[in-house]
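In: generate coordinates for the sequence data below:
(one chain, ligands or ions: 1)
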Amino acid sequence: MKTLHEVPADVIGLFGQKSDAVRQERGAATLRRLHVQNLADCEKHIPTVVQWLWNEWGAEDGYRYLSDTEYRTRHCLGRGKFPMTFVATLDAVPVATVSLWTCDLQARQDLSPWLAALYVVPEMRSYGIGAAMVNHATGAAKMLGANSPYALHLITDRVGYYEALGWEFVEEAPLRDRYTRIYRRVLRDFPYRSLAD
Ligand SMILES: CC(C)(COP(=O)(O)OP(=O)(O)OC[C@H]1O[C@@H](n2cnc3c(N)ncnc32)[C@H](O)[C@@H]1OP(=O)(O)O)[C@@H](O)C(=O)NCCC(=O)NCCS
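Out: Numbering: from 1, shown residues only. Reported below is the predicted structural model:
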């Protein structure tokens, strides 16, 4: 299994202190090499994706063990149907993931599907990979339902990130012992252009 320690040196080398212009150019170069696949078609990456999700959200999700996150992930491997998971690689090394879930908020069973579990390895952040993954998953959701689903939703505590990607803040909603923010992306007008595959 590849780990993030095996990210090639030339890729790591892109991430030193750079001017914005250099960073943008290298970000674009990185995105051209990004290969996004359905995790169902490359199951060898499941352990890596599970480890990322467990580290990031295992406790928050209320899971006790890594195997609990693996259980969820292995039941999120739809092809052409929800739920589904995508993994992105650079030179065959996994660097990011995102999923489309049927529900990510117990209080909103009336909404489906949801964009969830967006993750980019720390070494590769701020080069547009997160945005590319959001757009890839949004495009996949649109392709899966030309007329319905009407919109994709997500929950986040982040302010600003999804707005910049064209998502609309809907409202706050209860999540366990706190409140979270619901965002919506209407699919009808989403200008989908596949990054990969
Ligand atoms: C959030 C995440 C996916 C972004 O990935 P990324 O590849 O760095 O995203 P992009 O390159 O498309 O965008 C980066 C920009 O987003 C913005 N951004 C990052 N975190 C943000 C936040 N919490 N709020 C608002 N904007 C944010 C920054 O302005 C950053 O720009 P900068 O490089 O000039 O600082 C990544 O940081 C990550 O995996 N975090 C841990 C898991 C997580 O929080 N997932 C999202 C759950 S809603």
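
In: quick one: secondary structure of Gly62?
Out: At Gly62 the chain is in coil, as set by DSSP: H, G, I helix; E, B strand; the rest coil.

In: swap that for Thr30, please
Out: With three-state DSSP as the basis, Thr30 sits in helix.

In: and it, how many residues sit next to it?
Out: Thr30 has 19 neighbours, counted by other Cβ atoms under 10 Å. Yep, even glycine has a C-beta here, placed from its N, CA and C like the rest.

In: tell me how far it lies from the ligand.
Out: With distances taken as Cβ to the nearest ligand atom, to the nearest Å, Thr30 is found 10 Å from the ligand.

In: my read: that residue touches Ser126, true?
Out: No. If you go by Cβ atoms under 8 Å, Thr30 and Ser126 don't touch, sitting 10.5 Å apart.

In: so who does Gly80 touch?
Out: By Cβ atoms under 8 Å, 6 or more residues apart in numbering, Gly80 lies in contact with Leu144.

In: where does Ser99 sit, in terms of helix or strand?
Out: According to DSSP states H and E, Ser99 maps onto strand 93-101.

In: now do the next helix or strand after that strand: everything it contacts.
Out: Sequence order places strand 114-120 as the next helix or strand after strand 93-101, per DSSP H and E. For strand 114-120, contacts defined as Cβ under 8 Å, 6+ apart pick out 52-53, 56-57, 85, 95-105, 129-130, 133-134, 137-138, 141, 152-155, 185.

In: what of stretch 61-76?
Out: 39, 46-47, 49-51, 53-54, 57-58, 83-85, 99, 101.

In: list the buried ones in the longest helix along the chain?
Out: Ranked by number of residues, the top helix in the chain under DSSP state H is helix 129-144. Across helix 129-144, burial judged by 16 or more other Cβ atoms under 10 Å covers 129-142, 144.

In: now swap in stretch 83-100 and tell me
Out: Applying a neighbour-count criterion of 16+ other Cβ under 10 Å, the buried positions in stretch 83-100 are 83-90, 93-100.

In: ditto for stretch 155-166
Out: Residues of stretch 155-166 classed as buried: Ile155, Thr156, Tyr162 (neighbour count, 16+ other Cβ under 10 Å).
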